[in-house]
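Visitor: what would the 3D arrangement of this be:
(one chain, ligands or ions: 1)
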Amino acid sequence: MGLLRRSRASLDVDIHSHLIPNIDDGSQSMEQSIEMIEALINLDFEKVITTPHIHPNYPNTPEVILAGLNTLQQEVSKQKLAIEIEVAAEYFVDESFHDRVKRNDPILSFGGKLVLVESSFVNKPIFFEAVMFDLLAQGYTPVLAHPERYKFLEGRIEWLKELKGMGVMLQVTLGSIGGYYGKIPEQVGKLLLQNDMVDFLGSDLHRASHLAYLEKGLNSKEVQRILKRGELKNRQLL
Ligand SMILES: [Fe+2]
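Guide: Numbers count the residues shown, from 1 in each chain. Below you'll find the predicted structure:
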């Protein structure tokens, strides 16, 4: 509300969230999904590309994810919510994902051939770069989710510079900038924004308790600066 609300630049498109009910550690009911979608509309989002986990703990298939999207879209249109919902996935990079890439199995991508990937937070898989290389060789562009949150980086960004040099894009999470994940992710996220290393911002919304931090991140001077410069790729997906 007030001046801040009116002068705030909006992101318009979110590329990372867990809004399909009961298929991962995100939304646990249709009511929760709708509550979060209404909040995103209030934050001026026009489109959400939601990204359920494909992870050893959540072994979702494209069929399960597309069926979940269908159910969610039906509810969104029933409730006449003015937002576009699409789907992709957040792929956990492990050997089974590498095998899938090597076999050229179908991958849920967005915006053409963008693929959202995440690493283990604790240890970087030794084959991580090889997986990125194989994705790039197949014409995909990997987008690394929440680079600011990987503990193994211990606050350093050299590895992220190397990935960008390979052609990997980076997606910083708004809640990190808002302080939800602690001091280091906030500092690294802001450093990446200040160094113009961020391709996409995302909500990584799992539950309503994330919303206040998401809004704080959106209102931060670092995010507002980057939004006003118009160099993020989110809006290109409208
Ligand atoms: Fe996520």
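Visitor: which positions in the protein make contact with the ion?
Guide: Within the chain, the positions adjacent to the ion are 90, 204 by C-beta under 5 Å from the ion. To be clear about C-beta, it is placed using only N, CA and C from the backbone, and glycine gets the same treatment.
Visitor: the chain: strands as residue ranges?
Guide: Using DSSP state E, the strands of the chain run over 13-14, 47-50, 53-55, 58-59, 84-87, 90-92, 114-118, 141-145, 169-173, 200-202.
Visitor: output the contacting helices and strands for the second one.
Guide: It stands for strand 47-50. Judged by 3 or more C-beta pairs under 8 Å, 6 or more residues apart in numbering; DSSP states H and E, the packing partners of strand 47-50 are strand 13-14, strand 84-87.
Visitor: check which residues of stretch 26-41 are buried.
Guide: 26-27, 32-34, 36-37, 39-40 (16 or more other C-beta atoms under 10 Å).
Visitor: contacting residues for Gly179?
Guide: Counting by C-beta atoms under 8 Å, 6 or more residues apart in numbering, Gly179 touches 186, 213, 216.
Visitor: measure it to the ion for me?
Guide: Remark: distance between Gly179 and the ion (C-beta to the ion, to the nearest Å) = 18 Å.
Visitor: how close does the nearest residue to Leu153 once chain neighbours are set aside sit to the ion?
Guide: Spatially, and ignoring its direct neighbours in sequence, Leu153 is nearest to Trp159 (6.2 Å; C-beta to C-beta, 6 or more residues apart in numbering). Separation of Trp159 from the ion (C-beta to the ion) stands at 20 Å.
Visitor: might you calculate how far the longest helix seen in the chain sits from the centre of the chain?
Guide: Longest helix of the chain, by residue count under DSSP state H: helix 62-78. Distance, stretch centre to chain centre, for helix 62-78: 19 Å (C-alpha atoms, centre = their mean, to the nearest Å).
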